[in-house]
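Engineer: Have a look; sequence and predicted model below, questions after that.
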Amino acid sequence: MLTSMVKEHHAKQSKRKQEQEVRRKEAIETSNELTQSLVDHLNVGVAQAYLNQKRLDAEAKQLHVGATNFAKQTHQWLQLIDNFSGALKELGDVENWARSIEGDMQVIQQSLELAYKASRAAQATTTGAASTSAVASTSSSTAPGGNPN
């Protein structure tokens with residue numbers, strides 16, 4: 001009887017060990033499934049965060065390129081405006097120079113006209129006096145008969 005009790009006890013222990021082993025395996029599988037589920041859930045969030053970060057990096061790079069291009073274009077515009085302002089200033093300087101030259105030329109023209117008129121007047125008086133003296137000399141050299149020789 002004692003041996004049968006010991007055998008029975010060993011059989012129950014072995015059955016309990018098997019049941020515990022089955023439950024342990026089930027618990028491990030369940031905990032693995034839970035862990036996998038949690039990891040998958042976290043991975044979805046991490047993957048979404050990674051994609052968002054990647055998109056943000058691309059947009060930041062694009063923004064930097066755009067800002068650089070804008071700065072270059074702004075610099076070119078400023079140079080163009082400076083060149084345009086310089087050209088306008090030069091045009092104004094040329095216009096003032098042309099007005100000054102035009103005024104000088106008008107003064108020269110008026111001076112030449114006055115000199116020409118004075119010269120003509122002097123010539124007319126000289127020619128008039130010479131013609132009067134020539135007329136006088138021809139009339140005095142001609143005899144009353146009309147034959148100078």
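Structural biologist: Thanks, I have the structure now. For clarity, every value in this text was computed on a predicted model and none was experimentally measured.

Engineer: any idea where the helices of this protein begin and end?
Structural biologist: Per DSSP state H, the chain carries helices over the ranges 2-141.

Engineer: Flag the shaky bits of it, pLDDT-wise.
Structural biologist: For the chain, applying pLDDT under 70 flags the ranges 128-149.

Engineer: Just give me the residue closest to the centre of it.
Structural biologist: By C-alpha atoms, centre = their mean, the chain has its centre lying nearest to Gln73, at 2.5 Å.

Engineer: how close does it sit to Gly86?
Structural biologist: Distance of Gln73 to Gly86, given as C-beta to C-beta, to the nearest Å: 20 Å. Heads up, the C-betas are built off the backbone N, CA and C, glycines and all.

Engineer: Give me the neighbour count for Asn69.
Structural biologist: As a burial measure, the neighbour count of Asn69 was computed by other C-beta atoms under 10 Å and equals 10.

Engineer: what's the spacing between it and His41?
Structural biologist: Using C-beta to C-beta, Asn69 is found at 43 Å from His41.

Engineer: How about Leu2?
Structural biologist: From Leu2 across to His41, the span is 57 Å (C-beta to C-beta).
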